[in-house]
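**Q** 3D, please:
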Amino acid sequence: MPQLEFSEVHSYISSAIGISVPVVLKSYGEVIDILASLDTGASNCLFERKHGELLNLDIEAGDRRTFELRPEVLRLTVMWLNSKCSISPFESRVYFFADERINKNLLGRAGWLDRIRLGLIDHDGELYLSAYD
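**A** Numbering: from 1, shown residues only. From the prediction side, this is the model:
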């Protein structure tokens, strides 16, 4: 039987709505800690607009400006550059909601889930994570 190894373990409350993981967003010397929901149905990584603004990103500029954003999920560092994401070595796009009333942070398939190894035992409230190599 194949064996999987993981570098990080995260416990969560299995009775809670959704599975949230701590994320550290870093950009141009600014650092913020947030919780983001693991969302296997989300195509992309989406963050609240206010987080982008706290990182001094011009949300309306979109791809026309270069931004450096480094989120860290359970000690796995991800780097977003010009809205492209990279954990040794991969790239993807991430997005911030334009509508400030949307208060969700989602780690989606493109740019995060497709770059990691994930193990989940929901009954025990345990999430296992490693960079995909």
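**Q** which ones are touching the residue sitting nearest the centre point of the chain?
**A** Geometric centre of the chain, nearest residue: residue 107, 4.3 Å, by Cα atoms, centre = their mean. Residue 107 is in contact with 21, 23, 36, 37, 38, 39, 42, 45, 73, 113, counting by Cβ atoms under 8 Å, 6 or more residues apart in numbering. The C-beta positions use only the backbone N, C-alpha and C, and glycine is treated the same way.
**Q** 7 Å - rerun?
**A** 36, 38, 39, 45, 73, 113 (Cβ atoms under 7 Å, 6 or more residues apart in numbering).
**Q** nearest to residue 57 among these?
**A** Checking the contacts of residue 107 against residue 57 by Cβ to Cβ gives residue 45 as the nearest, at 14.1 Å.
**Q** the closest one bridge partners, please.
**A** residue 94 (DSSP bridges).
**Q** right, and it touches residue 112 too?
**A** Yes - Residue 45 is within contact range of residue 112, at 5.2 Å (criterion: Cβ atoms under 7 Å).
**Q** ok, now how distant is the residue nearest to the centre of the chain from residue 52?
**A** According to Cβ to Cβ, to the nearest Å, residue 107 and residue 52 sit 16 Å apart.
**Q** next one: residue 26
**A** Distance from residue 26 to residue 52, counting by Cβ to Cβ: 13 Å.
**Q** who's more crowded, these two?
**A** residue 52 (21 against 18; other Cβ atoms under 10 Å).
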